[in-house]
Every structure is written in structure tokens, then in C-alpha cells.
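Enquirer: I need the structure of the sequence given here:
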Amino acid sequence: MGFTQQDAPWWTRAVVYQVYPRSFQDSDGDGVGDLRGVLQRLDHLAELGVDVVWFSPVFRSPQDDNGYDISDYQDVDPLFGTLADLDEVIAALHARGMKVLMDLVVNHTSDEHPWFVESRSSSDNPKRDWYWWRPARPGMEPGTPGAEPTNWASFFSGPAWEWDEATGEYYLHLFSRKQPDLNWENPQVRHAVYAMMRWWLDRGVDGFRMDVINLVSKAVHDDGSLPDGITHDGRLGDGSPFYTSGPRIHEFLAEMHREVFAGRDGAFLTVGETPGVTLEDAQLFTDPERREVDMVFQFEHVGLDHGPGGKFDPRPLRLTDLKASFGRWQAGLARRGWNSLYWDNHDQPRIVSRWGDDGAWRRESATMLATLLHLHRGTPYIYQGEELGMTNAHLTSFDGYRDIETLNHLAEARRYRTDDELLAAFAAMSRDNARTPVQWDATLHAGFTTGTPWIDVNPNHVTVNAAAERADPRSVFHHYRRLVELRHTEPAVALGDFTMLLADDEAVYAFTRRLDDVELLVLGNVSGDEQLALVDPAWTDAQVLLGNYDDARVVETPVRLRPWEALVVRRTVSAGGTGLGGDGRPA
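Expert: Model (predicted):
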């Protein structure tokens, strides 16, 4: 059975805010955000009302992948400050009633981590087996194309194996060549990770967002070899069936819970980022009785606008596809497990540009999309700047990009795509769209830094910024505040049953949430044109809890939804009722 109001964990009523420190606030003028900058902006988070702050990595790192390549798990990179600064941030957030999540990146380390430095120093080093070292393919010349131990492709383009001439073997890196994969088959690796996690909990951290955690178990054969992937084009294959939610993943996560969290006093949160996860595996990951993780990030919905060529081959979203995906996950985790809800993060383009209208209807589409997301069952995540309605960067030259994934794709794809095609793809989908500095005010560099920012500030900061948003009661920011408050005050938002409506409508997103005798109807017009939704006459007397237009709203039948309009309506019911009348379509 699902959670009840009596036994529901605290995080079912919580909202999480993600800070990408490099782009949040710079305190010292070097153009890079830092921890003391975070301290300057805590009042913004407190006013928003969020319960948890998740920090993307601030650990010591060569910054090959913006901190997701960690060289010391127990120190802060000088770019961001010191351990003492982080302790101060944690204490300040706790004082304001907010919990702290750290980013746990343990599928891989930096190649500059002491563990890997030892591992590659010689083939008989005690830490050699802490990483995936394998000889060249039999009969092939080591170091030549095609001689890699498997044909797996890296997420960041090119082969997933790097030849190391010093020891005459290859090492595995599912991401950058400077991010070698840890070998979780080795219990010493796992227990070193668990000890590090306990160290952070002892320091006051309240949990972890676990980067690509379902990739840590590889399908290794008894002889130590790994299988080739299916080849779709060229010589590189898809190895994902052999490392996505691999054969020992549930064993590893259950062990992690026992070793790190079991018996420890405190209210913690564990979130697994799980690319390629199936609903069936997510049910296992998040089943409270299995004690693995509290919730997972899944990627099904953010892949719906990817074309055959992947994320840099975008296509328009079909709303019915989005509803089918969300509806399936809502139903699948209704009685056991839990959803994470997100539009934006450091790896995704800005939602108002992606599936909204970041021009004339920026405020309306941003608030409508926020309403839809936050009224689903699950824990919502707000990515920095999302609450301001920040848009994609709209870069017009390759020189503006900094992201390793984007730049690697550029180097490879120029062989078969024009520069204009690639610029359009990056403008729509590059991770750098989410990484431009937070727009605090209309001054030079948006109040982010007094120096030269590490990546250009979006020029629209002169109109889209926190100062303007906070001054306008109709703004995206204040709408997000109301959504956060609604989750805190209306139990049906956190725990109500979910029923999708109008599943075949390509313009109106509609659903109900029900808990005991309270039912909520949520309507969103996902278009720039007026739309009609026929509602049950019983809703005409219902209370409008929230809308994104500023006039007094009366619910009538059919409901005439203005461009990008969102409505949340509440009524008390005794039994039955679907929220819509007839076949659920406008008359």
C-alpha cells in the first residue's frame, strides 16, 4: 500500500532546490560561483520556501566535467572555497530549516584521484583492481582503433576505453577519459565509498543525490571479460544493457543502506540518478521495505523530444507522449515506491524554452509547466533559476559553449552535419543552457560576479532576474512560492491518488488528485491558443486554489483555458467523480 498521512516520510511533503555552485553566486570576483556566494543568497531560498538544498559537486576536482570528476571526496575544491565554508553553509541552511544533499559521484572518479594514480602506477599495485583494467582485444594491436576490450561507446563520444601505454592495458570510462569507472565488484571499493559517506553524514549532511548510481554494476563474465554491445552504426556498440541496472545493483544499494544509514539517528534522503531505468527496476529501488533508495531520477520524459540521432537531434514534443509517460510512472509507483519530479537540472535545457514559450508567453508557460509538475505525486525538484523563468542561452556561436559533452559532440558530428544544424541543436539541447549564471538583477553580469563570468550571462537578464521577479506579485517566482506552500499545506498534493484525464488531448493536460474526501482538479493549457475542457458540473462550485492569471476565476463548464493557463481546483466529495463529464472531451 502507499503512504498514509500517518506514516508518510517527511520528504513526501518536501520540495528540493538544486544549486549548481559554479553558476549560482560568485563572492570573490573570479567569475566562478562559490560557497560564500551561496551564503549571500540564502534568504532567496528561504523566501522560496524549499525544504532541501542539493549541491552539485564542490569536491576537489580538475574540473574536466565541471566537478563530476572528483579527485578528493573529503575536501572542497579551492575554486568553491574551503571545508570551513561548507560547514558554514550547512549550519546556515539547517538554521533556516533546510536540509542538505551532497552529490555522490561514485561510478567513477577523476583520473587524478589518488586511488587511480595508484591503480595505474603498475599492473600489480594493490589498487589495480579498484578500476576496470583490461588487455587489448585478442589478435589486435594494442592502442589501435578497434583493439579496445569491448566496443562500448562513451556517453561523451568516442570509445569507452582509454589505452594506457605505461601498463599496457585499457581502463574503462563510461564518461570522459578523465573519469575512470570504479570497480564495484571489489568490496574494498564499496567499503571505501561507504566510509566516505558516513564521514559526510557525521559532518551534518542529510543525504545524497547519487550520480548515475545504477551504472555501478557491470555484467562481468566469470573470466573477467565484458561483453560487446550491439552496433547500430560504425564500430562502436551500445554497451548499456551490460551496465544499466546491472546484475548486482540491488545488492550494492541494499549493502550501502545497511552500512551507511541503518541505525543512524536523523531524517535522511537518498536519491538515485538512474539513466535508462525501467519502471520495474524503479519499483525495486524505491520500495521502502527493500531499503535501497528513497526515490530515483528517471529520464523517460526528458527523452521524448529526442530524435533518432539522440539528444542533439531534437523533435517537437507530443503532449500525449508526455502524459503516457508520466501517467505510467504515477500508476507504477502509486502503491509502492516514490517519484522524483523534475523539468530542469544541470544536464537539461531550460523547460520554458524547451516545452513552453520563452517569448511573449514566458511567464504564463513557465508557471503552467511548474503547476503541472508540482501537482503530480512525488517530490518536486527546482533547479536554480527555474523559479525565475530563466530561458535557454540562445547562443549563436560555438565559442560560447563550455560543456564537454557538447564540445565532444561538435568535434565528432562536424563530419556529417553542418555548422548551422549543430548550432540549432546546441541552442535547443546543450547542457550549457542550464549553466549560465543565475540572473539576480539587471546590472552587468546579472549580479552574479564583479569579474568575468566563466560562461556568458544570458543577455535577457536585464528583464528576467530575481529582483524584478520578487517585485512582481504575478511573477514566476511568486507562483513557485505558492506551489511550494500548497504542497506543505494541502495533504492531497503530497499523498493523493492520481488519475490522468484527457489522455488523447494534444493541448490540455488534465488530472485529478484525491485523498479521502478532498479532490483536486488540475488543468493546464499546453499551447498558445485558447482551449476548452468540459468539466463535471459539480466542479462549478469548487474553490480555485491556484491559477496563473491574475483575475478572479470562476469555474464553468466547459472551462475556457486561455493560452498557457493553469488551474488547480479543490472540492469535497463523498464518492465517485472523475472531474470531467461525458467522454472527457469538450462539447
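Enquirer: Which residue, other than its chain neighbours, is closest to Val484?
Expert: With sequence-adjacent residues excluded and distances taken as CB to CB, 6 or more residues apart in numbering, Val484 is closest to Gly49, at 4.2 Å. To be clear about C-beta, it is placed using only N, CA and C from the backbone, and glycine gets the same treatment.
Enquirer: Helix or strand next in line after the one helix or strand Tyr73 maps to, which one?
Expert: Per DSSP states H and E, Tyr73 falls inside strand 72-76. Downstream of strand 72-76, the next assigned helix or strand under DSSP H and E is helix 83-95.
Enquirer: In contact with the residue lying closest to Arg36 once chain neighbours are set aside, which residues are there?
Expert: Counting by CB to CB, 6+ apart, the nearest residue to Arg36 once its immediate chain neighbours are dropped is Ser27, at 3.9 Å. Counting by CB atoms under 8 Å, 6 or more residues apart in numbering, Ser27 touches Asp34, Arg36, Gly37, Leu39, Gln40.
Enquirer: next one: His394
Expert: With CB under 8 Å, 6+ apart, His394 has these contacts: Ser353, Ala427, Asn458.
Enquirer: Tell me the confidence at the residue positioned nearest the centre of the chain?
Expert: In the chain, the centroid-proximal residue (CA atoms, centre = their mean) is Asn345; its distance is 4.5 Å. Note on Asn345: pLDDT of 95.
Enquirer: ok, it to Asn460 distance?
Expert: Asn345 sits 21 Å away from Asn460, going by CB to CB, to the nearest Å.
Enquirer: now Gly224
Expert: Taking CB to CB, one finds Gly224 at 53 Å from Asn460.
Enquirer: more neighbours, the two?
Expert: Asn460 (18 against 11; other CB atoms under 10 Å).
Enquirer: hang on, the more buried one packs against Thr391?
Expert: Yes: if you go by CB atoms under 8 Å, Asn460 and Thr391 touch, sitting 6.3 Å apart.
Enquirer: just so I have it, where are all the strands in the stretch 1-150 of the chain?
Expert: 16-19, 52-55, 59-60, 72-76, 99-104, 133-134 (DSSP state E, counting those that start in this stretch).
Enquirer: The strand holding Tyr73 to helix 83-95, inter-axis angle?
Expert: On the basis of axes from the mean of the first three to the mean of the last three CA atoms, to 10 degrees, strand 72-76 is oriented at 80 degrees to helix 83-95.
Enquirer: hmm, which of the contacts of Ser27 are the buried ones?
Expert: When the contacts of Ser27 are checked for burial by 16 or more other CB atoms under 10 Å, the buried set is Asp34, Arg36, Gly37, Leu39.
Enquirer: and of these, the nearest to Gln18?
Expert: Gly37 (15.4 Å; CB to CB).
Enquirer: and the gap between the closest one and Met140?
Expert: 50 Å.
Enquirer: One more: Val189?
Expert: Val189 is 29 Å from Met140, by CB to CB.
Enquirer: go on, Val277?
Expert: 34 Å.
Enquirer: Which one's more surrounded, those two?
Expert: A direct count of neighbours by other CB under 10 Å for Val277 and Met140 places Val277 higher, at 22 against 14.
Enquirer: so the more buried one sits right up against Gly246, yeah?
Expert: No: between Val277 and Gly246 there is no contact under CB under 8 Å: 11.7 Å.
Enquirer: Now the common contact residues for the two.
Expert: With CB under 8 Å, 6+ apart as the test, Val277 and Gly246 both reach Asn214.
Enquirer: so where does Thr406 fall, helix or strand?
Expert: helix 404-413.
Enquirer: what's next to that helix, contact-wise?
Expert: 64-66, 155-158, 176, 312, 398, 401, 422, 426, 430-432.
Enquirer: which of the residues in it are buried?
Expert: So for helix 404-413, counting by 16+ other CB under 10 Å, buried means Ile404, Glu405, Thr406, Leu407, Asn408, His409, Leu410, Ala413.
Enquirer: ok, now stretch 247-262?
Expert: Ile249, His250, Phe252, Leu253, Glu255, Met256, His257, Val260, Phe261.
Enquirer: May I ask which of the contacts of His394 has the most neighbours?
Expert: Asn458 (23 neighbours).
Enquirer: can you tell me how far it sits from Ala393?
Expert: 5 Å.
Enquirer: mind checking pLDDT for Ser240?
Expert: 96.
Enquirer: go on, the one 4 residues further on?
Expert: Taken from the predicted model, the pLDDT recorded for Thr244 is 97.
Enquirer: Quickly find the element holding Tyr509.
Expert: Residue-wise, Tyr509 maps onto strand 508-515 under DSSP H and E.
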